[in-house]
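[1] what follows is a predicted protein model with its sequence.
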4 protein chains.
Amino acid sequence: MTKRIALITSGGDAPGMNAAIRAVTLQAEKFQYQVLGFVGGYNGLIENNFIELNRHRVDDIVRKGGTILKSARCKAMLSDVGPNSVVETLKVNKIDALIVIGGDGSFKGCQAISKLWQGNIIGIPGTIDNDINGTDQTIGFWTAVETALDSIDKIRDTANAFERIFIVEVMGRNCGFLAVESAIASGAEHIVCKEVIEDEVQFIDNLLVNINTAIKNHRTDSYIIVMAENSLNFSADALSKKIERYTGVDSKAAILGYIQRGGSPVASDRVLATQLGVAAVDAVRNNKSDIMVGMLNNRATETALCATSYNNTYNQEIIRRLNQLNFNLD
Amino acid sequence: MTKRIALITSGGDAPGMNAAIRAVTLQAEKFQYQVLGFVGGYNGLIENNFIELNRHRVDDIVRKGGTILKSARCKAMLSDVGPNSVVETLKVNKIDALIVIGGDGSFKGCQAISKLWQGNIIGIPGTIDNDINGTDQTIGFWTAVETALDSIDKIRDTANAFERIFIVEVMGRNCGFLAVESAIASGAEHIVCKEVIEDEVQFIDNLLVNINTAIKNHRTDSYIIVMAENSLNFSADALSKKIERYTGVDSKAAILGYIQRGGSPVASDRVLATQLGVAAVDAVRNNKSDIMVGMLNNRATETALCATSYNNTYNQEIIRRLNQLNFNLD
Amino acid sequence: MTKRIALITSGGDAPGMNAAIRAVTLQAEKFQYQVLGFVGGYNGLIENNFIELNRHRVDDIVRKGGTILKSARCKAMLSDVGPNSVVETLKVNKIDALIVIGGDGSFKGCQAISKLWQGNIIGIPGTIDNDINGTDQTIGFWTAVETALDSIDKIRDTANAFERIFIVEVMGRNCGFLAVESAIASGAEHIVCKEVIEDEVQFIDNLLVNINTAIKNHRTDSYIIVMAENSLNFSADALSKKIERYTGVDSKAAILGYIQRGGSPVASDRVLATQLGVAAVDAVRNNKSDIMVGMLNNRATETALCATSYNNTYNQEIIRRLNQLNFNLD
Amino acid sequence: MTKRIALITSGGDAPGMNAAIRAVTLQAEKFQYQVLGFVGGYNGLIENNFIELNRHRVDDIVRKGGTILKSARCKAMLSDVGPNSVVETLKVNKIDALIVIGGDGSFKGCQAISKLWQGNIIGIPGTIDNDINGTDQTIGFWTAVETALDSIDKIRDTANAFERIFIVEVMGRNCGFLAVESAIASGAEHIVCKEVIEDEVQFIDNLLVNINTAIKNHRTDSYIIVMAENSLNFSADALSKKIERYTGVDSKAAILGYIQRGGSPVASDRVLATQLGVAAVDAVRNNKSDIMVGMLNNRATETALCATSYNNTYNQEIIRRLNQLNFNLD
């Protein structure tokens, strides 16, 4: 029996979302399922604004950054108004299953809808932050690391030429994965993220001493600190000034910002997105609901949508472990 | 107590080998171990040709392709002559441990040395082929996939413009991982590798029919086949001609070749190389021997060097499973 | 008064063709001209197969490789049949001007049409070979150089690791620009292209002596030869074997092939394509015909289509001059 | 007769400086000239801190970003103290010629030295800003454009997904070339740089109206403004807020910053650097002094160092002309 699937991308865009859209579409087509792509995240569902997805519509999008289904913030989803309108749209279009590609915030919307609607609701983790439980990586994470890395490599050229200190701020609101992996990959001298800070004052003191020792002992030509946004009570710029005052060495801050969201996805993000797109349709076929599909230890797995929030001991432990690979100079 | 480590890179060079050299050096320095880097693989050990590695020597090499320790074929290692000379060098330099970054062939050399020498012998898997048991990925694999992917993306532009068929041959001697991952990531229409071929004649027949159906039904503008080297009894060029004859559509072969070996390593290869470099030194500290360090399910693991050969059911199964994500057009 | 423009891309695709399509479309829109994009080069004109181009149709294509108007060989244009059909289509659609983005072969088609039709015919030079008179660069050239360069840089990693000789064959049928610029940019040790060969036997003899001297004197770790396709009476592979026999050093050939055609255009190709797209529409406005627009010494210029063939003393002189920047080792 | 050349890189580092260092070294070696590379710009000359440059020292640096000779600010050069010390060093080392790779500020240092020293002083234009008279491009400019372009392409993905307005601030202190070329290449909707602003208030008013019209008429999914640093009396962030207030559309600022300085140079920068490095040594051979070598209309030219300051009608005119290729939406 055929089924009708509603598909949205929601929350911050992440490279590989289009590859997931393509995989959902092609796997659905294999079983003669229909896919309606609603435009602009939950807004598309509220306003009944969709395009029909088929093989030709997703042609060659596997390599495209952003999302052809667009995304947007949607305040209506924070109250009952949004979910009610969404359910109406789902019913009007005789939808059997809703697949949401997004992050934890987007999955909260799923849970609200789930209380009002009997169809299958499946989440696919898509965010550059990698701050979701139930998957080793989120779609877009490794591309964002690669973009950050590419920038840090470039900054290293200038830092070396001027024997200078740089603080590079990467994204990651409440999660240090992006900072940690790009710091290790770039050979950065130090990492700043919440997961490795116990006492901020103590942490900064240690950092300052570490820098001074490194410089005094000529252990490095330049000193790069990779810092997750919001990990301190002051800005990258303020940290830079503090360091310059303490060490007497020229110190600069570079905020990478929005460039980390876009770009053609790296290979592993495209493969992950394809695996999860297929897994989501298979979950629909198997009549699963209120779950997120993910990859844990190289296997497709399902996690209850209510259990996908980051901020547990498990992830923090991985970050602490990774942090030990960052060879600081003390 | 301090130890002296001999380090070589052996076999085909792979992006990330330098990151592994750096990690071995920095982790060794942390425990006041000394590292001698022998130049040109086993030849350096035979000829007692080395450089001392320290923090400054490995500065900024984390991002460099190739290997600063160079590599080479070494016929002497195929007889007793090589291993005996190696052992002599190890003794002359009072070496406690030998770390070899390379592939399965290089590890065979380790086993020969092991029979003649009591020190710790540790392998680190470095090859773009990902054809080693005991690690989910080898160092260099994802960079090679990214390079192949970048090329296939470019070929797609021309294939689309001319509505043409392309066969893209990627490396991978006896292993289809590189072909399969780059095919999925690029959205290729078909994969050719040993692991998914049971009967070659039958396989080619199916392929030809599949192409013809795809063209007749206008299911795709262009048709790209990613093929692992040596996977057929005839060349990519011969396959191309066969297809052109059968379909009447312009068909071209592109052999990617050596560009897949070089280049700055992608983030995940640098992180993997750093993890394994550290794990190798830790194995030395723990007095382990005749093992390869690897990452399985995100954890550092050890596998006996004699059990690292590819070609078992396990890897072939993964490739078959991945192959199902390649949405062919029948 | 409004005008109707027919636009095609013809010959081998080149990165930046889409940027030119966009510029023609936007500049035309500025003057309320209409643009019909015929699909598949001259075939589209013969078969009256077109799409209407407007701002939305060309949205975000400035960065896309290939050509949204596709291209194809067209045998019919070699006889009278093709041009006659083309003219019929031009008349049926009340076309005032024909703009052709392509190479010298495509411009020959223009000249055939010109004899049968009174409208404005404007050429835009688009080919990776840079083998056209009347413009310092053709659209796509610098992107192709960048792609070749990126590959040669990667091959250098392996060549250095193995202290090996590599022959890298780049495109450029009858023109050495691509070989020369990518050789200089990559720091290759030698260039092989028709423009710098007077006597092939003598040239190869010198090359062999040069390599041997370089190796004997340890002047370089590796030796890379960049070779334009068709520049010798034997293949890159044959040259490689010849060198290996003469020097005793491992020597490999790498044929870059089709990857050089595709890819997102580099900045200078996008700017050039935009300038020439605008210049072409301006030429239509000024009622010019049978000319190609180009950039010479940073200024938009017009050259008679019959005078655009490569192979004159002028270009060969530039290549000889550039070749002197390649610091060979004698 | 052999000569001794002192070489420095000065001012902000620019991609391609290493390619110029290599070319100076190899061309000098051809004539048995010696090259001393002083470290850290003028500071190296003041402190008599140098390395000898030869073929092996510059091996494989053609592709490296930054500068192996490092750079630094040098306050001493602003008074007489610096130039006097420099001259002393030049005399102590029996230097015949000084070659300075840098920008206009660095050339001011040359002029001060020239008053005190009889040797040949040659400038090579190296800065990402392209703000020097006497050369169509400076070394590093096109690489910086490419880096900016790559970032703007990525931001476009997010801008399209969210139908958002972005202001992207690029470098270029007092010169709009970088902004203009990257805006045209990226298909940005608007450019902000001093050269195209006559009256700031009027300019901003027009911009706001233009954006509103574009949005109301659905002429574009997203709206990107490329802005040169320091081109307005307020920041990119302030402009963003102003636009958001006026249009009601989500608007964000992205400051690209230091990533624009580093990275492996693009092909055209490597070729330019090689040409100018050779031209500089040739100028020494021809006993020229107080001149900068540059490329104008594809030919190597010489310009008096005192005439290299930007800010004349000529360059501003080019920028105004280029700006017309930016298809704004009114």
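    Cool, got the structure. None of these values were measured; they are calculated from a predicted model. Numbers count the residues shown, from 1 in each chain, chains lettered A, B, ... in the order given.

[2] only C-alpha atoms from now on, for both contacts and neighbour counts.
    Will do.

[3] what about the helix or strand where residue A:245 lies, distance to the chain center?
    Taking DSSP states H and E as the criterion, residue A:245 maps to helix A:236-247. Relative to its chain's centre, helix A:236-247 lies at 29 Å (Cα atoms, centre = their mean, to the nearest Å).

[4] quickly check: it near chain D or not.
    No: against chain D, helix A:236-247 shows no contacts by Cα under 8 Å from any Cα of the partner chain, the least distance being 12.9 Å.

[5] which neighbouring elements make contact with that helix?
    The criterion is 3 or more Cα pairs under 8 Å, 6 or more residues apart in numbering or on different chains; DSSP states H and E, and the helices and strands that helix A:236-247 contacts are strand A:165-170, helix A:200-216, strand A:251-255.

[6] quick check: mean pLDDT of that helix?
    The pLDDT scores in helix A:236-247 average 97.

[7] same question, stretch A:30-41
    Stretch A:30-41 shows a mean pLDDT of 97.

[8] gap between the two ends of it?
    For stretch A:30-41, the first and last residues are 25 Å from each other (Cα to Cα, to the nearest Å).

[9] hmm, it in reach of chain B?
    No: using Cα under 8 Å from any Cα, stretch A:30-41 never reaches chain B; the gap is at least 8.9 Å.

[10] the helices and strands packed on helix A:236-247: lowest mean pLDDT?
    Ranked by mean pLDDT, those bottom out at helix A:200-216, which scores a mean of 94.

[11] what's that helix in contact with?
    Applying Cα atoms under 8 Å, 6 or more residues apart in numbering or on different chains, the contact partners of helix A:200-216 are A:190, A:197, A:220, A:223, A:232, A:243, A:246, A:247, A:328, A:329, A:330.

[12] quick one: which of the residues you listed is nearest residue A:107?
    residue A:232 (27.7 Å; Cα to Cα).

[13] so who does the closest one touch?
    Residues in contact with residue A:232 (Cα under 8 Å, 6+ apart) are A:193, A:194, A:200.

[14] ok, how many other residues are close to whichever residue of chain A sits closest to chain C?
    Residue nearest to chain C within chain A: residue A:64 (10.3 Å; Cα to the nearest Cα). Neighbour count of residue A:64, defined by other Cα atoms under 10 Å in any protein chain shown: 19.

[15] any figure for the gap between it and residue A:266?
    With Cα to Cα as the criterion, residue A:64 and residue A:266 are 10 Å apart.

[16] quick one, helices of chain A?
    Remark: helices assigned in chain A by DSSP state H are A:17-30, A:42-46, A:81-92, A:104-114, A:141-162, A:177-186, A:200-216, A:236-247, A:267-285, A:313-323.

[17] give me the residues contacting the second one.
    Put plainly, it is helix A:42-46. Contacts with helix A:42-46, where a contact means Cα under 8 Å, 6+ apart, come from A:8, A:10, A:38-39, A:50, A:72, A:74, A:77, A:82, A:85-86, A:89-90.

[18] repeat that for the last one.
    Contacts made with helix A:313-323 from outside it, assessed by Cα under 8 Å, 6+ apart, are listed as A:176, A:177, A:180, A:181, A:184, A:191, A:195, A:196.

[19] tell me what angle it forms with helix B:267-285.
    Helix A:313-323 runs at 80 degrees relative to helix B:267-285, counting by axes from the mean of the first three to the mean of the last three Cα atoms, to 10 degrees.

[20] quick check: buried residues in helix A:313-323?
    A:315, A:316, A:319, A:320, A:322, A:323 (16 or more other Cα atoms under 10 Å in any protein chain shown).

[21] and that helix, how far out from the chain's middle?
    Chain-centre distance of helix A:313-323: 17 Å, with Cα atoms, centre = their mean.
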